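> return atomic coordinates for the entry below.
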Amino acid sequence: MTQQKMPMQVWILTLAAFAIGTAEFVIAGILPQIATSLSITEGQAGYLISAYALAIVVGGPILTIYLAKFNKKNVLIGLMGLFILGNILSALAPNYTLLLASRVIAGLVQGPFYGIGAVVATNLVSEKMAGRAVGQMFAGLTLANVLGVPAGTWISLTFGWSNTFLTVAAFGAVALVFIMLAIHSSGHSEAKDIKTQLQAFKNPMLLISLAITAFAWSGFMTLYGYIAPIAMHVTGFEQDSVTWILVLVGVGLIIGNTLGGRSSDKSLTKASMFWAIALIVSLLLVGLFTGSKVLFVGSLFIFGIASFANVPAMQLRVMNHGGEGQELAATANISAFNLANAFGGFLGGIVLDGHLGASMIPYTAAIVPIIGLLLIFKANKGETSKISEDTLKVVTS
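Residues are numbered from 1 along each chain as shown. The predicted model follows:
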C-alpha cells in the first residue's frame, strides 16, 4: 500500500502561513531599527506586537464566523490581498501612528486565514491524513520563526526595515498567485449552527482551558519580542548577532513543538504541568545568564524548546472540552494565544522603558505564567475527578 502524498495545494497554504507568521514575529528582530528610524523608544516599538496580536484577538473569531459562509477560495484570496496591503502600508509608513494602523490591518488576516485554511487543507486529503495536512500548514508558522524572522532581521540590518515588510508582502503575493491558480473553489461550509457552538462555552473546563493559554503563554512574547534589545544592551552582542540568535531560538521552537506533541499524546495532564514549569524555569535562567554570552544563548535555546512544547497541550485541552463547538473553541484559543502575545508585548515594553530596564524583562515574563500553572493544576484535578466519576458510573451500572 503506497502512502498518499501531500497535495501541492497544502504546501501553498504552508507558504501563506509562513508569510503570515513572519509578519507577526519579525518585529522581535527589527525592533531597534524601527525605534531609531521613527525616533520612538524601543518599548513603544514593542507595542506594534500588541497591536498585531489584538487585531487577531478581536478580529479572528468575528471574521471567521462571518466568512465561513462564503466560497473558501475567494475568502483566502481576499484575506491574502488584505495581508499584502497591510505589509506594504507598513513598509511605506512615514510615522509610528500609521505603522501601528498597518499592523492592525495585517493582523486581522491571521485568525480567519489559519481557521479557513485548515478546513481547506483537510478537504484536500483523505480523512486519515487530515491531521497531517493541518500540521503541514501550521509548520509554516514554525518555519517563520526559524527562517523568516532571522532573514527579515538580516534584510532590515542590510537594506532597512521597510524592505523587510516589502519582502513579507512579496511572499504573500507569491502565495496569492498560487492560491488563485492551484486551489479549487469549494462551496459554502457546513459549519454547525453558531448558537450550538456557543453552548460549548457554558462548560467551565473550556473556559479554564482558554484561561490557561492566556496566562501560561504570556511569558513567551514578553521575552521573545525583546530578545534583540536584551542581547544588545545587556549581554553585549552586536546587532548582526541577533540574526543567528533568533535562528537558534527558532530551532528550539521546532524541537519543543515535537516534544510537546508526543508528551501530550502520552499524558496531557503530566505534559501540561511539566512544560509550564519548564517555561517559567527557562525564563528565570535567561535572566540569570544575561551576563554571559554563551550561557545567555544556551538558556534562550532552552526557552525556545520549553515555550513551544506548551502549544500542543494547550490546543489539545481546548479541543477536548470544545464539545459541539470545537471549531469556535479552537479559534477562541488562537485569540487566547494572541491576547497573551499582546499583553506580553505591552508588559515587556513597559519594563524596557521603565526604571527596571531590559535586564529585568525575563524575570517579569515569569510572573504571569505562574497563574497559568495554578490553573493547570486546578484543571488537572477537575479532569481526574471527572474520570473517576465516569469510571464509578460504569462499574455501578
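> in what helix or strand does the nearest residue to residue 82 once chain neighbours are set aside lie?
Across the structure, with Cβ to Cβ, 6 or more residues apart in numbering as the measure, the residue nearest residue 82 apart from its sequence neighbours is residue 109 (5.4 Å). Any C-beta I mention is one placed from the backbone N, CA and C, and that applies to glycine too. Counting by DSSP states H and E, the secondary-structure element that holds residue 109 is helix 96-123.
> ok, and for that helix, which residues are buried?
Along helix 96-123, the positions that meet the burial threshold by neighbour count (16 or more other Cβ atoms under 10 Å) are 96, 99-100, 102-122.
> packing partners of it?
Using 3 or more Cβ pairs under 8 Å, 6 or more residues apart in numbering; DSSP states H and E as the contact definition, the elements that helix 96-123 packs against are helix 8-25, helix 27-38, helix 42-67, helix 72-92, helix 130-143, helix 326-353.
> list of residues touching the next helix or strand after the last one?
So the one you mean is helix 326-353. The first helix or strand that comes after helix 326-353 along the chain, using DSSP H and E, is helix 361-365. The set of residues external to helix 361-365 that reach it, using Cβ atoms under 8 Å, 6 or more residues apart in numbering, is 218-220, 222-223, 226, 230, 283-284, 286-287, 290, 344, 347-348, 351-352, 356.
> same question for stretch 350-357.
For stretch 350-357, the surrounding residues in contact (Cβ under 8 Å, 6+ apart) are 41-44, 46, 226, 229, 233-234, 358, 360-361, 364.
> got the residues you listed as TSV, with distance to residue 250, neighbour count and pLDDT columns?
Converted to TSV, the contacts of stretch 350-357 look like this (distance: Cβ to Cβ, whole Å; neighbours: other Cβ atoms under 10 Å; pLDDT from 0 to 100):
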residue	distance to residue 250	neighbour count	pLDDT
41	26	13	90
42	21	21	87
43	24	21	86
44	26	18	89
46	19	30	85
226	16	30	91
229	18	23	91
233	22	17	91
234	21	18	93
358	21	22	91
360	25	17	95
361	19	29	95
364	23	21	95
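> closest one of those to residue 205?
The shortest approach to residue 205 among these belongs to residue 364, at 29.8 Å (Cβ to Cβ).
> so how far is residue 220 from that closest one?
Counting by Cβ to Cβ, to the nearest Å, the gap from residue 364 to residue 220 is 13 Å.
> give me the common contacts of the two.
Taking Cβ under 8 Å, 6+ apart as the contact rule, residue 364 and residue 220 have no neighbour in common.
> on that earlier part again, surely the residue nearest to residue 82 touches residue 86?
Yes. Applying Cβ atoms under 8 Å, one finds residue 109 in contact with residue 86, separated by 7.1 Å.
> just checking, residue 19 touches residue 168?
Yes. Assessed by Cβ under 8 Å, residue 19 is found in contact with residue 168 at 5.9 Å.
> more neighbours: which of the two?
Taking residue 19 and residue 168 together and counting by other Cβ atoms under 10 Å, residue 168 has the greater number of neighbours (31 against 27).
> low pLDDT regions in the stretch 151-300 of the chain?
Per-residue confidence for the stretch 151-300 of the chain (pLDDT under 70) gives these ranges: 185-194, 197.
> in it, which spans are helices?
All helices of the stretch 151-300 of the chain, identified by DSSP state H, counting those that start in this stretch, fall at 161-182, 194-199, 204-216, 218-224, 227-229, 241-266, 268-288, 293-308.
> so which of those is the most surrounded?
When neighbours are counted by mean count of other Cβ atoms under 10 Å, the highest per-stretch mean among the helices of the stretch 151-300 of the chain falls to helix 218-224, a mean of 27.
> what packs against that one?
Using 3+ Cβ pairs under 8 Å, 6+ apart: helix 218-224 touches helix 268-288, helix 293-308, helix 326-353, helix 361-365, helix 368-396.
> roughly how far out does the third one sit from the chain middle?
Going back to what we said before, that points to helix 326-353. Centroid separation for helix 326-353 versus its chain: 9 Å, with Cα atoms, centre = their mean, to the nearest Å.
> just stretch 84-103 next, same as before
21 Å.
> so what touches that stretch?
Residues external to stretch 84-103 that are found in contact with it (Cβ under 8 Å, 6+ apart): 23, 34, 38, 40, 44, 47-48, 51-52, 55, 104-109, 162-166, 168-169, 172-173, 176.
> tell me the phi and psi of residue 239?
Note on residue 239: its backbone torsions stand at phi -60, psi -40 [degrees, to the nearest 10].
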